[in-house]
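Undergrad: Have a look at this fold, sequence not included:
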């Protein structure tokens with residue numbers, strides 16, 4: 001927690017800046033209201049709440065270093081070298097300001113106005129520290145400021161020690177900052193529906209994101225292990241900011257031009273935009289942030305960029321006669337094909353939807369972003385007509401491909417998915433017409449399809465066998481995709497609608513789409529091809545919680561008349577270890593679903609009471625986008641590097657060869 005010189009924001013930061021709105025009582029009763037869920041996502045949200053506070057200090061100009069440690073005892077500590085939370089007596093609560101922000105809901109220095117400690121903040125709701133404290137079995141806080149070190153301990157939202165302080169030694173008196181370490185509550189499963197386990201990769205993805213968004217801040221992440229030699233340590237610092245972020249996202253692609261970008265301040269708000277088109281990409285990647293909070297559901301800043309891009313590029317193309325036909329008007333989809341764009345806004349009074357802040361609602365932001373993008377692009381592209389020509393050429397190709405795909409698209413739109421005559425021939429449909437209770441298994445080949453069709457519950461389970469491997473749409477344009485028979489069968493059979501149109505879950509024929517492939521290399525490849533298709537064609541399927549992966553058993557262990565099914569090597573070792581030393585038993589390794597009898601497949605993989613299903617959700621859109629591009633794109637060198645990187649984190653004991 002080294003010292004850092006002050007910035008333009010006022011250094012006056014005391015208990016008077018902490019405003020109290022209401023009490024803390026509801027948090028432990030309804031944690032999902034405050035952290036989004038009581039599962040893994042909510043668990044990680046606790047880390048992000050404290051991390052966002054540290055980032056707020058950095059954005060205010062008072063912190064340059066943040067350290068995150070995932071301890072081996074399932075606790076997390078986050079330190080910064082900011083000003084340190086105030087510790088003087090708060091006038092409204094009669095407690096120290098530190099205890100106030102840790103025990104009172106909606107107490108913080110981030111609500112704007114003259115009494116605010118921050119001009120821009122991601123922790124607008126002020127519930128961060130108090131909610132983390134309420135949902136922690138234990139929490140320890142250390143504050144360094146004014147040459148003193150203050151410490152206090154809490155449990156489940158209540159202080160268990162008084163605030164202690166001592167004078168720092170002379171060599172440390174210039175240091176300042178806050179360090180918070182917390183142990184999430186393990187009291188049964190009342191608060192969390194999953195085991196207390198933080199995922200290193202999930203947190204690393206969020207930290208990388210924050211480092212790109214805040215180019216003057218260094219963020220470190222350490223994962224401790226019981227064996228110190230297996231500790232992991234990474235440091236994130238990106239001086240290039242969003243420009244470097246776009247380059248990182250497009251590592252595996254062929255850019256048409258250098259990354260374009262600008263930063264502009266208007267009426268107290270800051271707009272930061274970077275963008276680049278790539279020749280070998282057929283979809284867009286648009287990421288939005290507001291006060292360093294990722295807005296998964298978009299918002300007015302994204303709308304402003306989209307509107308400005310479409311209008312400005314059409315106008316410039318006709319003005320500079322890059323488009324000669326007067327009647328051609330490029331749509332937003334055509335213009336954005338192959339685009340990677342990141343827009344980050346910093347707004348004094350952001351309007352978010354809910355505590356999890358997934359969409360920005362400020363109407364004035366759309367106008368600010370729209371005008372800023374138009375002014376920048378107009379000036380840049382008029383000076384660089386070659387860049388404009390390459391972008392418009394890419395957009396025109398998208399326009400022509402859309403026309404070529406029109407007949408196939410209209411076929412998809414016109415065929416009613418409720419009429420059996422329009423459904424794929426190999427689809428074995430279920431009798432239920434209620435999508436909410438219906439589920440479909442996508443299986444590989446007729447052999448697995450035959451067993452699944454015989455073993456299923458025909459009332460609510462449908463089966464769609466695939467013929468070989470489907471098209472890799474990462475390397476194909478829209479026209480090729482719609483012409484592919486297997487892709488058409490998926491679109492029609494599932495009721496996915498047309499790419500680019502607004503997604504409506506109620507139009508799906510099944511609310512559970514279950515990928516069920518063999519536990520071998522080919523099965524993994526087919527599963528990856530299907531996930532690529534769903535992610536690129538209708539990403540909202542993941543957000544709606546519709547995509548699942550079925551987990552068939554790897555082994556069958558027979559001993560006498562008893563049969564045990566094992567889903568991994570660990571389970572196999574456990575069951576065989578439970579047998580007497582001289583026991584006689586037989587182990588069968590399932591190489592494919594087609595080897596299983598219909599009754600076995602039902603019992604182990606399809607019966608809702610006994611099966612294992614893994615629901616797939618997108619935690620980090622940018623990271624997911626890059627992984628799909630790297631794995632399924634055309635560049636072998638990038639794919640090789642990704643595999644080598646993943647291999648270093650692999651536990652060879654779990655490798656099934």
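TA: Everything's here; your move. In this text, all values refer to a predicted model and were calculated from it rather than measured experimentally.
Undergrad: how much space is there between residue 594 and residue 580?
TA: The gap separating residue 594 from residue 580 is 34 Å, by C-beta to C-beta, to the nearest Å. (Glycine included, C-beta is placed from N, CA and C.)
Undergrad: Which of the two has more residues huddled nearby?
TA: residue 594 (18 against 7; other C-beta atoms under 10 Å).
Undergrad: Can you tell me the closest non-neighbouring residue to the more buried one?
TA: Closest residue in space to residue 594, ignoring its immediate chain neighbours: residue 447 at 3.2 Å, by C-beta to C-beta, 6 or more residues apart in numbering.
Undergrad: how many neighbours does the one you found have?
TA: The tally of other residues near residue 447 (other C-beta under 10 Å) stands at 15.
Undergrad: for it, what are its contacts?
TA: The neighbours of residue 447, taking C-beta atoms under 8 Å, 6 or more residues apart in numbering as the test, are 592-594.
Undergrad: Double-check that it belongs to a helix.
TA: Yes - under DSSP: H, G, I helix; E, B strand; the rest coil, residue 447 falls within a helix.
Undergrad: mind checking pLDDT for it?
TA: Predicted confidence (pLDDT) for residue 447: 77.
Undergrad: Then residue 410?
TA: Value for residue 410, per-residue pLDDT: 64.
Undergrad: Kindly report the same for residue 360.
TA: 92.
Undergrad: burial measure for the nearest residue in space to it that is not next to it in sequence, as a count.
TA: In this structure, residue 360 finds its nearest non-sequential neighbour in residue 299, 3.1 Å apart by C-beta to C-beta, 6+ apart. Residue 299: 26 surrounding residues under other C-beta under 10 Å.
Undergrad: separation between residue 299 and residue 267?
TA: Residue 299 sits 18 Å away from residue 267, going by C-beta to C-beta.
Undergrad: Residue 100 touches residue 90, doesn't it?
TA: Yes - counting by C-beta atoms under 8 Å, residue 90 is a contact partner of residue 100 at 4.6 Å.
Undergrad: in the stretch 401-550 of the chain, which spans are helices?
TA: 406-414, 445-455, 478-483, 485-494, 521-537, 540-543 (DSSP state H, counting those that start in this stretch).
Undergrad: Kindly report the same for the stretch 1-150 of the chain.
TA: Taking DSSP H, counting those that start in this stretch, the helices of the stretch 1-150 of the chain run over residues 26-29, 32-35, 40-59, 97-103, 128-134.
Undergrad: With mean neighbour count and mean pLDDT added, can I get these in CSV?
TA: What follows is the helices of the stretch 1-150 of the chain, written out as CSV (neighbours: other C-beta atoms under 10 Å; pLDDT from 0 to 100):
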stretch, mean neighbour count, mean pLDDT
helix 26-29, 15, 78
helix 32-35, 19, 78
helix 40-59, 23, 89
helix 97-103, 24, 91
helix 128-134, 26, 89
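Undergrad: got the contact list for the residue nearest to residue 360?
TA: Residue 299 sits next to 288, 290, 359-362, 365 when contact means C-beta under 8 Å, 6+ apart.
Undergrad: Filter those down to the buried ones and hand me the PyMOL line.
TA: A single PyMOL command selects the buried members of the contacts of residue 299 (16 or more other C-beta atoms under 10 Å):
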select buried, resi 288+290+359+360+362+365
